[in-house]
Every structure is written in C-alpha cells, then in structure tokens.
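Student: After the sequence you'll find the predicted model.
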Amino acid sequence: MTGASWHARIECRGTVAGAGFLVGPRTVLTCAHVVHHSEPGTLTVSFPNRPDVTGVPATVAVHGGWAGGATDPGDLAVLELARPVPQSPARFAPVDAERALAGVALEAYGFPDGYEEGQLAWYRARSATRIAGEWVQLEAVTGHGQPLTHGFSGAAAALPDGRVVGMVAQMAGEPGVLVARMLPTEVLARHWPALAGLLPDGAGAGDPARRLHALVDRAEDTGLVCSPDQLFVDAVGDFGPPLPPGGFPSLRAAAGYVQCEVGEPAEALTRFADRLTELLDGPAPAAPAPSAGSAPAAWAPILIEVDHSGAGPDQITVAVSAYRDGRRRPVGTARLPRARMQAYIQRGIDRAFAELAFGADELLTFTLPRDLLDLPVAHWACSAEDPTPLGCAHPVVVTDRSRHRSARLRHQLGKKWQQLAAGGAPVLHRVDCGTPSLGLRKRLREQEAGLAGFAAPPGAVPEHFEAGLNMPVPVLLWPRQGCPGAAGHTAPCPGTAFLDALARRVEGVPPAELPRHIQLLREEAAAEEEPERHWARDVQLLWDDPRCFPEPPASLHTPVA
C-alpha cells in the first residue's frame, strides 16, 4: 500500500487509542470503542505517512449505535476533523467484493504498543459468512505475523491493491490466538448510511446507485417529506429482504440498505430512484384516456393476497400492494402465523393508502385460497384503535386466488365485463340450496350469468361454488351464515330469504357499482338495533374485474422450509 497516507492514528489526551482511515477531506472512520471514553476536546488525529499532518482536533460526528458490549453491533464512529486534510481519502472496493473475500490476504495498518509510527498485519477471511450478520472472521496469514492487538481497532482492512473492504473491529482475547473480526463495508454503510454514497458500484449496480444517491442529496436539500420504509418496500418488491426491525431512520439509510444488502440491486435501485424522482418532480404525464374496455377509473384497488405458506398448517403468506396509474406498488410481504394475519393486514392496508392518488376511490380486494373464501374480512376492525368494520368503512370484496392466477379465466372475465358494460345490469342468477349441482355449469353458461347469488356459504355447498368459480361469472354473493346445506336444512330456509332480499336490492345496480352498494348495505345492517338479524350483515361479495389489475398477477413467495 505504497503511498497510502490516508491511514490515521487516533489519540486521546496524547495517548494512542486506536486506528482509523480518511474517507473525506474532514472525515475519518474508526471504531466506537476506540473513542468511547473520550471527552470533548481530547481527541486528535494524526497521519503517520504525512508528518506535516499531526494532532488535528476531532469530534465524534456520528455514532453507529454501539452499546458498549464486546459483541454489541454498530461499533463504528465517524470523526469530523477541525480542518480539511490535504490527502486523497481511502478507496473502497465495490459493494459486492465481500462475496469473493475467502482466502484473499488483507492488510491492516495499526498502532500497537511501541509502534506509534505504525505496524502492518496480514490477515485473511476463510469465509464470507457473517457472524451474527455483523462481522467477518479473520485469521492470520502466517503463524508468526503481527497479531491484531490493541492499536489495530478501527484500521482499514484492505485488498493488496489498497482498496478497503472493511474495518478491523475485534481482536482475540487470548494471547497467541491470531484471529480477529472485521466489519465489512456493507455493514459499515448500514450503521452510517452516508458511506453508501462513497462506495463504487458493484458488478450489476451501474448508474442506478449514483443516480439514487444524487436524488437523496436533492431530497435532503429540499426537505422532502416521505416514508423511507415505504420507498424501500416499493423498491425491493415481494421477494426482497424485509424491513429491518424498527424500519429506517432516514431516506439515506434506506437507499444505502438497498445498495449494500440487496443481492443484485440494480433493479431495486432503479425502482427506488424512479419513485423518488416522482416525489421530487411530480408524477409523470398522465397516460392516454382508457379505451371503452378498460377498468373503471373510479376504483383504486388495494390488493391483499393471502395464501398457505407451505411451511406448516398454521403459517400464512400475506402480500399487500396498491394500484396507482396502472402500476402495482408493493407495500409488504410476510410469512406469519395465522393468528397474526389480521393485525399485519390492518397495518398493511393503512400503509397502502399512502400509495393511492389523492381522492381516489379505494377498493379493498382480498385474494384468498378457495378454502378461505368465507373469511370474515368485512367484519375485521379497521385497526386496533378503530373498531369500525372494514366492510362498513370501505368497499371490501374477495376474489378466488386460483381464478385470479388463471390467464384463461382472466381473459374470459374481461370479455364478460365488456358484455355487462354494453348490456346493462344483469339479473341475479339464483343458486338455491336445493339446486342440483349436476348441470349447474351448463346453466350458468347458457344463461350467460354475470351475477350469481348462493343460498349457502362455500363450505356447505362446495360443488355449487366449484361450478361458479370455474366459470367466468364476475360477481358472486352469498351469506356467511346462510343455509347450512342439506344436512342441516330447516324451513323456512334462511338461504331462500337471503336470496329474496338480495334480488330486491342488487338487481338493477350496475355491476361496477356493486362494491360501493354492498358497503352501504353493510352499513345499513350495522345501524340496526339487532344487526345480527339483518339479511345483509354477513353478505360476502366476490367481485372479479381483471381490468382493475392491469399487470399480471404476482405470485406469493411460498417458502417450504
């Protein structure tokens, strides 16, 4: 590392406390534990390879959050020098260099006792695997080299060409043990997001990283108010890493995390930059007016996709997204126990509203597996603080997940909606509890049914629903507490009473307006003195218009392990 004059010696009250390295004209990185006991006015920084630059006063400008324990994360401190140093800063290796570290000799320049001018040590990483997600373990290249002792903390770990890949942070506690740990640059950037802007692009990052950090600079200069968490979720999509615990404290932290922690980040960086550009400069020009067969402009769907995760009978996968300007904007994806599903969805819906255009008419669409179609989503509270049922506060509909993912049925449903738009409001096709299942599919096709009402829920008459769901019938309605089916049939039949009331209230209503119409009926039922006796209290509406979801349906990640 000939000419590497950016190596720094950190001194406290004139005594060597550790090492560091210059990353900007007035900025030096070191470990938090190196400056832990310093007081204001006691820190100075010297550069041994620059005898003309010694004893520069310094202050701790940024602390990585280190709590003081030997294994606590965030052992990083950013020092601000009292004056600029006339020296080029350290060069960093690309953000993806850590993956190829195994077996490469790294050089550290530290200041052990008796070597105030400095001493070199050579170590290498046997593996790129991080310990506790924070450190990479180092081992001495030879058994008789310089150990990484006191005085090396905060030293840069550099490749043979001088490019920095991390910072020495921990040494072995036992004499003669030639192992240590370093914080790789990706972890340093996690604790100090501004570092991400100093890192060169990795093999796939290209221009998006530079573009994004320039946009972050603009956002900070203009005081842009935005949600870093939401921008991160939008950028990484359904299959990216989850939000870190507690989210991001700043926009720069979120941008740095995408650059350094997302594998092959080019696409995520581009999405992040595009969305930030929209927030800074306003949305792109509106698309041309939709054709007669396109989706009604009134609805702005919030899509809640639920599926069995494959990781166990109690595990559910949930993805929440919002549609705006014809594009799906992911909000969050999680695999969690079914008992936590409702709370997660409540929070996701609230966050999804931030993605909708101002004044847009929301449509809460639950895409459910067939065995969960009767899930009482319309009865769920809006939030832990607001007990108002979702179905009374917003239009709430369900769709069948398998049908939502079938290109064949999406095509047929699109044609059916065009027919409905041209032919006026359809007549309710009744599927009473005594309706024979044999031939039902044929009757639905011959009558070109666009609106079907069932006297019983899916669990009571599954064969009826198989026929309705596998045909392109865009709208299905049923009572969650209707007729129990043949095994428990009573007279007068509650299912028949439901269909009688339903026909009176929905026939003549344009199908595109049914979600709002059913919301009003749910409100009407909730306002009754005995709401449980109102026929519409438990109505479930399956409303399936593929024009509202212009992008191909995204499949949920279904981990098995």
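Tutor: Arrived safely, thanks for sending.
Student: where in the chain is pLDDT low?
Tutor: Applying pLDDT under 70 to the predicted model, the residue ranges of the chain that meet it are 1-3, 96, 98-99, 172-177, 201-207, 238-239, 282-297, 424, 484-491, 550-561.
Student: Okay, domains of it per the record?
Tutor: By the record's domain assignment, the chain is partitioned as 1-200, 201-281, 299-548 (automatic domain parsing).
Student: could these go into TSV alongside mean neighbour count?
Tutor: Every C-beta, even on glycine, is put in place using the N, C-alpha and C of the backbone. Conversion of the domains of the chain to TSV gives the following (neighbours: other Cβ atoms under 10 Å):
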stretch	mean neighbour count
domain 1-200	19
domain 201-281	18
domain 299-548	18
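Student: mind listing what residue 544 touches?
Tutor: Shown here is residue 544, whose contacts under the criterion Cβ atoms under 8 Å, 6 or more residues apart in numbering are 399, 400, 403, 404, 413, 474, 475.
Student: Could you pull out the strands in the stretch 151-300 of the chain for me?
Tutor: If DSSP state E, counting those that start in this stretch is used as the criterion, the strands of the stretch 151-300 of the chain fall at 156-158, 164-171, 179-184, 299-308.
Student: Rebuild those as CSV, extending it with distance to residue 364.
Tutor: Formatted as CSV, these follow (distance: least, Cβ to Cβ, whole Å):
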stretch, distance to residue 364
strand 156-158, 51
strand 164-171, 47
strand 179-184, 43
strand 299-308, 5
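Student: And these: which comes nearest residue 73?
Tutor: Closest to residue 73 of the strands of the stretch 151-300 of the chain is strand 179-184 (Cβ to Cβ; 9.0 Å).
Student: Any idea how far the closest one is from the middle of the chain?
Tutor: Taking Cα atoms, centre = their mean, to the nearest Å, one finds the center of strand 179-184 at 30 Å from the center of the full chain.
Student: Pull the residues that contact that strand.
Tutor: Counting by Cβ under 8 Å, 6+ apart, residues outside strand 179-184 touching it are 75-76, 98, 101, 106, 123, 125, 130-131, 134-140, 148, 152, 157, 165-172.
Student: Given it, what are its sheet partners and their directions?
Tutor: Strand 179-184 pairs in its sheet with strand 135-140 (antiparallel), strand 164-171 (antiparallel), by DSSP bridges.
Student: Compute the distance between the spatially most central residue of the chain and residue 111, please.
Tutor: Closest residue to the average C-alpha location of the chain: residue 233 at 3.0 Å, with Cα atoms, centre = their mean. Between residue 233 and residue 111 the distance is 44 Å, computed by Cβ to Cβ, to the nearest Å.
Student: before we move on, what about residue 439?
Tutor: 88 Å.
Student: One more: residue 419?
Tutor: Here residue 419 is placed at a distance of 81 Å from residue 111 (Cβ to Cβ).
Student: for residue 83, same thing?
Tutor: 22 Å.
Student: And residue 271, by the same measure?
Tutor: The separation that residue 271 has from residue 111, given Cβ to Cβ, amounts to 45 Å.
Student: longest single strand anywhere in the chain?
Tutor: Here the longest strand in the chain is taken by residue count, with DSSP state E as the criterion, and it is strand 119-131.
Student: Alpha carbons of it, as PDB, please.
Tutor: The C-alpha atoms that make up strand 119-131 are tabulated as PDB, following Å, rounded to 0.1, in the frame of the first residue of the first chain:
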ATOM      1  CA  GLN A 119       2.800  -1.700  12.100                       C
ATOM      2  CA  LEU A 120       1.400  -3.900   9.300                       C
ATOM      3  CA  ALA A 121      -0.500  -7.100   9.800                       C
ATOM      4  CA  TRP A 122      -1.800  -9.500   7.200                       C
ATOM      5  CA  TYR A 123      -5.000 -11.500   7.700                       C
ATOM      6  CA  ARG A 124      -7.500 -13.200   5.500                       C
ATOM      7  CA  ALA A 125     -11.100 -14.300   5.700                       C
ATOM      8  CA  ARG A 126     -11.600 -18.000   5.500                       C
ATOM      9  CA  SER A 127     -15.300 -17.400   4.600                       C
ATOM     10  CA  ALA A 128     -17.500 -14.600   3.600                       C
ATOM     11  CA  THR A 129     -20.200 -15.800   6.100                       C
ATOM     12  CA  ARG A 130     -21.000 -13.000   8.500                       C
ATOM     13  CA  ILE A 131     -21.100 -13.800  12.300                       C
END
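Student: now what about it, what contacts it?
Tutor: Under the criterion Cβ under 8 Å, 6+ apart, residues 98-112, 136-142, 145-148, 151-152, 157, 178, 180-182, 184, 187 lie in contact with strand 119-131.
Student: Now do that strand against strand 164-171, angle only.
Tutor: With axes from the mean of the first three to the mean of the last three Cα atoms, to 10 degrees as the basis, strand 119-131 and strand 164-171 are set at 90 degrees to each other.
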